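Novice: with the sequence up front, the predicted model follows.
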Amino acid sequence: MTHLSRGCNGATMHLDVQVLRDFYYRSALGRAAQKIIRDQVRTFWPEDRAKGQTMAGFGFAVPLLRPYLPTARRVVGLMPAPQGVMPWPAGMSNVSVLCEETMWPLETGHVDKLVLMHGLETSQSPVEVLEEAYRVLGPGGQALFIVPNRTGLWARADKTPFGFGRPYTSGQLEAQLRQHDFVPEAHLSVLYQPPSTRRFWMKTGPFWEKTGRAIPAVMAGGVMMVLASKRHPPRHRGVGEAAKVLSPLDVLTPKPGKVADPVGG
């Protein structure tokens, strides 16, 4: 696992897409984390609830979007330029695209469900990322924000992608979301097992996950998930007013940038 790169002003930046790919698809710990987080996403949004809808992910959210490929009308994986892009999903038409952090190639108000993972906490412009998230969601749209938990072990371990960027407490994240006219509806912590590849922790991972969710006051999950809906019309002046005029995204056209070799997703 490479270290997080930093700009000349010390601002955090995204991990390289190949580092993220290797963690989630080529390491036992990453595959276990992917399954735990993805199962919870499916609990929030069962596949049948996405039927005929447009779903998008920003950052490195594509591992969480695969269950919706058969039912959603459209699935788009937005990968920020500082991170790089890889083709996804393997063996199917590409739906991932390289984009600017603060200008997504999606029409205003056309997304029904949005997932952000490794996109907010590592951004140099989190305010503008939230503004774009608000812009692309339609009225009644929902967003799922997945970030490192400041009080959890995973935020302190740079052997996983959650050990980089700005970790949050639930209060910090929900306050920031409300400032940008998102209405938090549910929050949950996951990844209670230590971020270790030792056999004992890997083998007992399901036990720690079950125990941690049952007694969260004793254990801190490594990752927070906050489900929020778009408030419409916005209460705060200026939110969503500067709607960008963008060309519709053609997800079938490969985009330039860092390209890793195709992998399963």
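Specialist: That came through, no problem. These numbers come from a predicted model, not from an experiment.
Novice: so residue 169 touches residue 148, yeah?
Specialist: No: between residue 169 and residue 148 there is no contact under CB atoms under 8 Å: 10.5 Å. In short, each C-beta sits where N, CA and C put it, glycine included.
Novice: which of those two has more neighbours?
Specialist: The residue with more neighbours, out of residue 169 and residue 148, is residue 148; 26 against 13, by other CB atoms under 10 Å.
Novice: for residue 112, see how far away the more buried one is.
Specialist: To residue 112, residue 148 is 26 Å away according to CB to CB, to the nearest Å.
Novice: ok, residue 233 next?
Specialist: 18 Å.
Novice: give the contact list for residue 59.
Specialist: 14, 78-80, 83, 116-120, 122 (CB atoms under 8 Å, 6 or more residues apart in numbering).
Novice: the residue nearest to residue 154 when sequence neighbours are not counted: neighbouring residues, count only.
Specialist: Distances taken as CB to CB, 6 or more residues apart in numbering place residue 222 nearest to residue 154, at 2.8 Å, with adjacent residues excluded. Using other CB under 10 Å, residue 222 is surrounded by 28 other residues.
Novice: tell me the contacts of residue 222?
Specialist: Residues near residue 222 by CB under 8 Å, 6+ apart: 148-149, 152-155, 162, 189-192, 195.
Novice: pLDDT value on it, please?
Specialist: Turning to residue 222, the model gives it a pLDDT of 91.
Novice: phi, psi for it please.
Specialist: phi -80, psi -20 (degrees, to the nearest 10).
Novice: pretty sure residue 231 sits against residue 182.
Specialist: Yes: in this structure, residue 231 is within contact of residue 182 by CB under 8 Å, at 6.7 Å.
Novice: the two: which has the busier surroundings?
Specialist: Applying other CB under 10 Å to residue 231 and residue 182 shows that residue 182 carries more neighbours, namely 25 against 18.
Novice: what pairs with the more buried one across the strands?
Specialist: Here residue 182 sits in beta bridges with residue 230, as judged by DSSP bridges.
Novice: that one contacts residue 230, doesn't it?
Specialist: Yes: using CB under 8 Å, residue 182 makes contact with residue 230 at a distance of 6.4 Å.
Novice: okay, and the common contacts of the two?
Specialist: Common neighbours of residue 182 and residue 230 (CB under 8 Å, 6+ apart) are 134, 143.
Novice: could you export the contacts of residue 222 as JSON lines, including pLDDT and distance to residue 67?
Specialist: Below are those laid out as JSON lines (pLDDT from 0 to 100; distance: CB to CB, whole Å):
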{"residue": "148", "pLDDT": "96", "distance to residue 67": "23"}
{"residue": "149", "pLDDT": "94", "distance to residue 67": "24"}
{"residue": "152", "pLDDT": "88", "distance to residue 67": "25"}
{"residue": "153", "pLDDT": "88", "distance to residue 67": "28"}
{"residue": "154", "pLDDT": "91", "distance to residue 67": "23"}
{"residue": "155", "pLDDT": "91", "distance to residue 67": "27"}
{"residue": "162", "pLDDT": "95", "distance to residue 67": "22"}
{"residue": "189", "pLDDT": "92", "distance to residue 67": "22"}
{"residue": "190", "pLDDT": "93", "distance to residue 67": "17"}
{"residue": "191", "pLDDT": "92", "distance to residue 67": "19"}
{"residue": "192", "pLDDT": "89", "distance to residue 67": "23"}
{"residue": "195", "pLDDT": "81", "distance to residue 67": "24"}
